[in-house]
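1. return atomic coordinates for the entry below.
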Amino acid sequence: MKEIIFLDANIIMYALGRDHPLREPCRECLEGIKAGDISVVASTEVLQEIFHRYFSINMPLIAEEAYRAMKTFCKEVYPITLDDMDRALDLLKESPSINARDAVHAATMLNNGIKKILSTDSHFDKIKGIERIAPEARGRKS
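-> All right, here's what the predicted structure looks like:
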């Protein structure tokens with residue numbers, strides 16, 4: 001059985017975005033997910049993040065494309081529970097340099113036994129119990 005990895009919204013966002021050094025590595029990650037090489041999950045907070053970003057910049061079609069892609073790619077989308085929020089608060093107190101959204105993602109991961117996240121966000125490197133897989137380094141770690 002393949003290891004389950006949490007998929008951060010920024011992977012989709014870079015893959016769908018303008019030319020950027022992370023665009024191709026993120027696209028390659030999505031190809032790996034499509035091919036079944038990588039098994040991913042997310043949370044409703046990740047989906048909300050996609051809505052927030054693309055609707056705030058008046059790109060509803062991209063929001064819908066990214067949302068549908070996440071639903072297709074993810075084996076499961078976890079709800080955010082009060083237990084997740086309690087753990088996120090603890091994480092924020094332990095590591096005040098991480099942001100609240102990342103703390104919610106990490107708490108949801110930890111509460112569901114997920115130890116790895118595919119993300120461009122280095123804040124996850126500061127959270128005990130979480131291992132970040134950077135898209136540009138994925139080929140070297142696989």
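2. quick one, strands of this structure?
-> 4-7, 39-43, 74-78, 116-118, 131-133 (DSSP state E).
3. tabulate these in a markdown table, adding columns for distance to C29, mean pLDDT and mean neighbour count.
-> Quick note: C-beta positions are derived from backbone N, CA and C, even for glycine. Converted to a markdown table, the strands of the chain look like this (distance: least, Cβ to Cβ, whole Å; pLDDT from 0 to 100; neighbours: other Cβ atoms under 10 Å):
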| stretch | distance to C29 | mean pLDDT | mean neighbour count |
| --- | --- | --- | --- |
| strand 4-7 | 8 | 97 | 24 |
| strand 39-43 | 9 | 97 | 22 |
| strand 74-78 | 13 | 96 | 16 |
| strand 116-118 | 6 | 97 | 21 |
| strand 131-133 | 9 | 96 | 17 |
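4. which one, of those strands, ends up nearest to R27?
-> strand 116-118 (12.7 Å; Cβ to Cβ).
5. which neighbours does the closest one have in its sheet, and in what orientation?
-> Using DSSP bridges, the strands paired with strand 116-118 in its sheet are strand 4-7 (parallel), strand 131-133 (parallel).
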